[in-house]
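In: 3D, please:
(2 chains, ligands or ions: 2)
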Amino acid sequence: MGVIWAIAKATYRESIRQRVLFVVLLLGLLLIGVTVAFSYLSTGEEFRFVVDFGLVGITLIGLGLAVILGGFMIPNEVDRRVIFTILSKPVSRWQYLFGKFVGAAGVILMLDLLMGIAFSVAYCVKHPLGFGGFTYMVPMALFAIYLQTLILLAVALALSTIATPIFTIFATGFVYVLGAVNSQVTYLGNRAESTGTKLVFLLLSKLIPAFTNFDLRSALLNNQPVEPAAMLNVVGYTALYAGLVLGISWILFHEREF
Amino acid sequence: MAMVETPLVANPVAGTGQETVISCERLHKTYTTAFGELFRLPGVTALSDLNMEVFRGEVFAMIGPNGSGKTTTLKLLMGLIFPTRGACRLFGRNPKRDVSVKRRIGFMPDGPYFYGHLNGFELLEFYANLLGMDAARRKRRIPELLDMVGMTNRAKNRLRTYSKGMVQRIGLAHALLNDPEIVFLDEPTSGLDPIGARDIRDVVVRMKAEGKTVFLCSHFLTEIENLCDRVILLDRGRTLRYGALEELLVEPGKMRLTVSGASDALKDQLGKVGRLRRSSENRPSTDLILKDGPDIGAAVKLIQDAGAHLDSILPMRRTLEDVFMEAVQRTQADRPWDAIDADDAEDSPAAPAETPVATADGSEES
Ligand SMILES: Nc1ncnc2c1ncn2[C@@H]1O[C@H](COP(=O)(O)OP(=O)(O)O)[C@@H](O)[C@H]1O
Ligand SMILES: [Mg+2]
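Out: Ligands and ions are numbered 1, 2, ... in the order given. The predicted structure follows:
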């Protein structure tokens, strides 16, 4: 545990200093700021706009963070040969990989918190009830986005152990898009007539992450509370999916030569 | 006489009950890429059938020209890459399977690179954590090492502000954090000023005095010559020489008589018995190099009769550089090993070796 923590801490400290992350954070904050600035819409529409635009913005920024951190962390350490000095210590490859994941997850948490605070303020400013309109659903929606970002981080990190950063960026983006339309893929599978097509679609829908449940925008807008069981489901799904992806990447990384 | 050139001088310590801490058995490494594997391209053979043992408490040097496979050997021992064939062991364990053996070693890579955003102290703390050192031990050990490598007053500066030599010094400190039983140093003096190079020497000497094992990879031969107990000489992955330094440096069957006050007439006479040369640049004496045996008696008699002074009779020694150059020369011209092997086969079909050579397991064959 100490080893994973040490690697995570060093990863966090190194990443948080990167200028590109600062730029991404500014972009996110700017996006949220801009949604507040629109004021020619009707009150209800303005609120809807803030929620839609803000949460989608935070999701996309999360995707960006996941590919930047997940895609470059390990290749950078391989290129600069820092990894020689780390893996020649009593550090297993699994500890290294997981430590990197935890460190990057910490960085994303930090930036998501900052964007989340900005979003919450924007939410209250545009909510008809003002600050009285704030519910626990706001942090829930943000938390679900964070979990989704962790899945993307795991995917990017896994790809980065065998692929170049550019490939990782595109492939992770592709996984994100497929994940967002997963319910449609399932739908197509169920509707398909031939068994073969059905199988392919259903298999694909199981392989790619299902992000539909992670999107709490409509629940937030329609003021529908989210059942604790549903939230737990999302947490469990994240642990399972990210765990499996990291497990597969460990198998690949285990045999990797430096 | 190809076989004389073949490696493996008899290992003087084998069978004397010394503890083997590093061993390589027919260790072979061919680098391939995924692409190359797919199309069955031959790849780069960086190490062929390396057989070697290192014993506890010795300073062992691996020497060889650039690209001879020294770093490859170290990476195999560290579990950073894996053998194509054969095996390597640290304390009898496979470094790939058992990462815990790395708790007992230290490794300084060639031209080490570290996190630039940490300062010297934080960097050592990071590695101490990886080594599982507790807080009390860290607090004691880190300042001690910073002092030893002369980096105490730069400890609060970020690594990105360090010069190459300073990074090298921190690298040395990081390799010694856990007070390792074996320390591996890959080209430790590259990038260091003469003071730094002497500090490295001091570390090696001190570790040996403490009964630790030092594994040095270097091409600074004069430096190694005064430090190491045993040597392995590689060239493009093959072992050309392996054995105790003393045995490598002694020219078998040759003696050197040093004479002072020899007249020209005596020199003429001696020149018929052996080969004459000046002892060294600034000494007035003359060296006579001749075969061990009755010639020596004859030479001594000539010297005594002429009234000259016999300073010493010693086995003929070469420098490590001589050994290196001689061994490598034959294979230098960038010719593939296959061609050299083919030549050798033509020159002397199955010629028996002149001197006894040892196989890897220490048994002798002639
Ligand atoms: N990752 C690699 N891929 C392909 N070839 C390599 C790789 N690393 C080293 N080599 C080759 O292996 C040979 C031995 O290299 P190395 O062990 O670094 O030599 P040394 O440390 O003795 O200078 C060289 O020909 C080098 O080009
Ligand atoms: Mg090297």
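
In: Walk me through the domains of chain B.
Out: Following the assignment in automatic domain parsing, chain B carries domains at B:20-236+B:335-365, B:251-317.

In: Need the winner for burial among these.
Out: The highest average neighbour count among the domains of chain B, using mean count of other CB atoms under 10 Å in any protein chain shown, belongs to domain B:20-236+B:335-365 at a mean of 18. No exception for glycine: its C-beta is placed from N, CA and C like everyone else's.

In: where do the helices sit along the chain?
Out: Just going to use chain A. Remark: helices assigned in chain A by DSSP state H are A:2-15, A:19-37, A:43-79, A:82-87, A:93-126, A:137-160, A:165-180, A:182-191, A:195-207, A:217-221, A:228-254.

In: try chain B instead
Out: B:2-5, B:34-38, B:70-78, B:120-130, B:135-148, B:164-176, B:194-209, B:221-225, B:245-249, B:264-273, B:294-306, B:320-332, B:337-347.

In: pretty sure residue B:191 is touching residue B:165, no?
Out: Yes - assessed by CB atoms under 8 Å, residue B:191 is found in contact with residue B:165 at 5.4 Å.

In: Packed most tightly, which of the helices of chain A would that be?
Out: When the helices of chain A are scored by mean count of other CB under 10 Å, the highest mean neighbour count falls to helix A:137-160 (a mean of 24).

In: who does it touch, helix- and strand-wise?
Out: Using 3 or more CB pairs under 8 Å, 6 or more residues apart in numbering or on different chains; DSSP states H and E, the elements in contact with helix A:137-160 are helix A:43-79, helix A:93-126, helix A:165-180, helix A:217-221, helix A:228-254.

In: relative to helix A:165-180, how tilted is the longest one?
Out: Just to be clear, that refers to helix A:43-79. Between the axes of helix A:43-79 and helix A:165-180, defined by axes from the mean of the first three to the mean of the last three CA atoms, to 10 degrees, the angle is 140 degrees.

In: likewise the last one?
Out: For helix A:228-254 and helix A:165-180, the angle between their directions (the same axes, to 10 degrees) works out to 150 degrees.

In: so what secondary structure elements neighbour helix A:228-254?
Out: Here helix A:228-254 touches helix A:93-126, helix A:137-160, going by 3+ CB pairs under 8 Å, 6+ apart.

In: what angle sits between the shortest one and helix A:93-126?
Out: I take that to be helix A:137-160. With the same axes, to 10 degrees as the basis, helix A:137-160 and helix A:93-126 are set at 150 degrees to each other.

In: So for helix A:137-160, mean pLDDT?
Out: The average pLDDT within helix A:137-160 is 95.

In: and if you look at stretch A:220-240?
Out: Mean pLDDT, stretch A:220-240: 89.

In: and if you look at stretch A:202-212?
Out: Stretch A:202-212 comes out with an average pLDDT of 87.

In: Quick check: closest non-adjacent residue to residue A:168.
Out: Nearest residue to residue A:168, sequence neighbours excluded (CB to CB, 6 or more residues apart in numbering or on different chains): residue A:71, at 3.8 Å.

In: Hmm, the one you found is touching residue A:169, no?
Out: Yes - with contact defined as CB under 8 Å, residue A:71 reaches residue A:169; the gap is 5.5 Å.

In: Would you mind grabbing the residues shared as contacts by those two?
Out: residue A:156 (CB atoms under 8 Å, 6 or more residues apart in numbering or on different chains).

In: coming back round to it: worst average pLDDT in the helices and strands packed on helix A:137-160?
Out: Of all the helices and strands packed on helix A:137-160, helix A:217-221 carries the lowest average pLDDT, namely a mean of 85.

In: Give me every residue in chain B lying close to chain A.
Out: B:75, B:78-82, B:99-103, B:105, B:107, B:109, B:111-115, B:117-118, B:126-127, B:129-132, B:171, B:174 (CB under 8 Å from any CB of the partner chain).

In: repeat that with 7 Å
Out: Contact residues (CB under 7 Å from any CB of the partner chain) of chain B with chain A: B:78, B:80-82, B:99-100, B:102-103, B:107, B:109, B:112-115, B:117, B:126-127, B:129-132, B:174.

In: quick one: contacts for residue 100?
Out: By default, I'm working from chain A. By CB atoms under 7 Å, 6 or more residues apart in numbering or on different chains, the contact set of residue A:100 is A:7, A:11, A:73, A:74, A:157.

In: nope, chain B
Out: Residue B:100 touches residue A:90, counting by CB under 7 Å, 6+ apart.

In: any idea how far it is from ligand 1?
Out: Applying CB to the nearest ligand atom, to the nearest Å, the value for residue B:100 to ligand 1 is 26 Å.

In: Which per-residue confidence value corresponds to that residue?
Out: With respect to pLDDT, residue B:100 scores 93.

In: Relative to ligand 2, how far out is it?
Out: Using CB to the ion, to the nearest Å, one gets 27 Å for the distance from residue B:100 to ligand 2.

In: bridging residues for the residue lying closest to residue B:224 once chain neighbours are set aside?
Out: Nearest non-adjacent residue to residue B:224, counting by CB to CB, 6+ apart: residue B:61, 4.6 Å away. Going by DSSP bridges, residue B:61 is paired in beta bridges with residue B:216, residue B:231.

In: any idea of the pLDDT on residue B:61?
Out: Looking at residue B:61, its pLDDT reads 95.

In: Also residue B:225?
Out: pLDDT for residue B:225: 83.

In: so it touches residue B:320, yeah?
Out: Yes - contact criterion CB atoms under 7 Å: residue B:225 and residue B:320 qualify, at 4.2 Å.

In: can you tell which of the helices and strands packed on helix A:228-254 is closest to ligand 2?
Out: Relative to ligand 2, the nearest member of those by CB to the ion is helix A:93-126, separated by 23.2 Å.

In: What is the distance between that closest one and the centre of its chain?
Out: On the basis of CA atoms, centre = their mean, to the nearest Å, helix A:93-126 sits 9 Å off its chain's mean C-alpha point.

In: Just the pLDDT for the residue nearest to residue B:160 when sequence neighbours are not counted.
Out: Excluding the flanking residues, the one nearest residue B:160 by CB to CB, 6+ apart is residue B:116, at 3.4 Å. Residue B:116 carries a pLDDT value of 89.

In: residues contacting residue B:224?
Out: Residues in contact with residue B:224 (CB under 7 Å, 6+ apart) are B:61, B:63, B:216, B:218, B:320.

In: ok, now which ones touch residue A:187?
Out: Residues near residue A:187 by CB under 7 Å, 6+ apart: none.

In: can we see that at 10 Å?
Out: The contact partners of residue A:187, taken as CB atoms under 10 Å, 6 or more residues apart in numbering or on different chains, are A:181, A:201, A:205.

In: Include distance to chain B when you put these into JSON lines, please.
Out: Output for these, formatted as JSON lines (distance: CB to the nearest CB, whole Å):
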{"residue": "A:181", "distance to chain B": "32"}
{"residue": "A:201", "distance to chain B": "31"}
{"residue": "A:205", "distance to chain B": "30"}
